[in-house]
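Enquirer: Structure for the following, please:
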Amino acid sequence: MALTKNDIVAAVHELGFTKKKSVDVVEILLETIKNTLEKSEDVLISGFGKFCVKQKRQRRGRNPATGQDLMLRPRKVVTFKCSGKLRNKINEIEHAD
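Expert: Numbering: from 1, shown residues only. You can find the predicted model right below:
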């Protein structure tokens, strides 16, 4: 099951914030991250990971439905690299099973 924005709002709400304030906090956080990535700047969250904007070059691709070759235009993509702390936590959980 995926963690949703509503789940995050509920977790903030459990800290004692009003529902409206919880929604505002989460929206401001996500908007700040989006605005930073739009400027092609990295977002580093200590203990969690780093979101990076990478430039993809033009390349040849194929339409899977028709098999037709085509050129994919250059574009930017967002990548995520988790921190060592998060990686260790994830691996601790897997080994505990």
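Enquirer: Residue for residue, what is the longest helix this protein has?
Expert: helix 19-38 (DSSP state H).
Enquirer: Contacts for that helix next, please.
Expert: Contacting residues not belonging to helix 19-38 are listed as K5, I8, V9, A10, V12, H13, F17, D42, V43, F51, V53, V78 [Cβ atoms under 8 Å, 6 or more residues apart in numbering]. Just so you know, the C-beta spots here come from the backbone N, C-alpha and C atoms, and that holds for glycine as well.
Enquirer: Filter these down to the buried ones, PyMOL style.
Expert: The PyMOL selection below is limited to those of those classed as buried (16 or more other Cβ atoms under 10 Å):
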select buried, resi 8+9+12+13+43+51+53
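Enquirer: Could you export the contacts of helix 19-38 as TSV, including distance to V25?
Expert: Listed next are the contacts of helix 19-38 as TSV, based on distance: Cβ to Cβ, whole Å:
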residue	distance to V25
K5	12
I8	9
V9	8
A10	12
V12	6
H13	10
F17	7
D42	22
V43	17
F51	19
V53	24
V78	22
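Enquirer: Who does the host helix or strand of L44 pair with, and is each partner parallel or antiparallel?
Expert: Element membership of L44 [criterion: DSSP states H and E] is strand 43-45. Paired neighbours of strand 43-45 in the sheet (DSSP bridges): strand 49-56 (antiparallel).
Enquirer: so where is the protein shaky, pLDDT-wise?
Expert: 93-97 (pLDDT under 70).
Enquirer: so V78 makes contact with F51?
Expert: Yes: taking Cβ atoms under 8 Å as the definition, V78 is a contact partner of F51 at 5.8 Å.
Enquirer: Many thanks, I have nothing further to ask.
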